[in-house]
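>>> would you be able to build a 3D model of this:
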Amino acid sequence: MMKSRVISINVSKAKEVAYKGRSIETGIFKTPVRGKLKLNHLNLEGDQQADLTVHGGPDKAVYAYSWEHYSWWQEKLPGVEFSYGKFGENLTTEGVLEEQAFIGDEFRIGAVVLRVSQPRLPCYKLGIKFGRADVIKMFTQSTRSGIYFSVVEEGELEQGDKIEYLRGDEHKINLQDVAKIFAGNYVPDLEFLQRALNSNLAEQMKMFIAAELDEFDK
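Residues are numbered from 1 along each chain as shown. This next block holds a predicted model:
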């Protein structure tokens, strides 16, 4: 894997925004911060998720998005202003791409060890951030999903830290292939689904995989 690093660390407290005539809370409006931050098994220091039923938790303690994808988005959405944290990511990274990442891969960043747990499935709040609802479908279909991590070892990390690949697991479930299933442009075979259920894939996603597996029994 190519030399990788953290370009920016981005956090936000949950805040209220107007949406379809009502007020909702969201933590998607993240902005860059400097200095060392503590990362525990549930969250990054200074960061907050609003709806804990679908955001945060041990399988989604920290979210990373690749800076390499920003140029693609700028071409697709020329009227949109882009800056670090635009996709609600905690870590804007360089050199860690979905097609090269596998569920269960572990990385060291600063004093922290992270494990790849799942791709991101966007909710309507990404549309709020961009000011256009069609970005949700664009994001899903692009399979530029970004990476959710669980925390294996807590500690501190900061902007500029290198991202060091440590180890993978034997199941070899490609992160982008999982994203493609949910985008509807990849039909997994039985063997893939069985490996996914035995992997470190986030438990919430395993429920969807189990439903796909059930289709083979019908």
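
>>> and the lengthiest helix in the chain, what other elements does it pack with?
Counting by DSSP state H, the longest helix found in the chain is helix 203-215. Helices and strands touching helix 203-215, by 3 or more C-beta pairs under 8 Å, 6 or more residues apart in numbering; DSSP states H and E, are helix 175-183, helix 190-198. (Glycine included, C-beta is placed from N, CA and C.)

>>> please identify the deepest-packed of these.
The highest mean neighbour count among the helices and strands packed on helix 203-215, using mean count of other C-beta atoms under 10 Å, belongs to helix 175-183: a mean of 21.

>>> what about that one, average pLDDT?
For helix 175-183, mean pLDDT is 95.

>>> can you list contacts of that helix?
Helix 175-183 has contacts (C-beta atoms under 8 Å, 6 or more residues apart in numbering) with 98-99, 101-103, 116, 118-119, 121, 140-141, 143, 145, 147, 186-188, 192, 196, 201, 205, 208-209, 212.

>>> and for stretch 22-38?
Under C-beta under 8 Å, 6+ apart, the answer for stretch 22-38 is 8-17, 44-51, 55, 83-85, 88-90, 110, 125-126, 128-129, 154-159.

>>> still on that earlier bit, so which of the contacts of helix 175-183 are in strands?
116, 118, 119, 147 (DSSP state E).

>>> residue contacts, the first one?
Same thing as residue 116. So residue 116 contacts 101, 102, 103, 104, 105, 106, 107, 147, 148, 149, 175, 200 (C-beta under 8 Å, 6+ apart).
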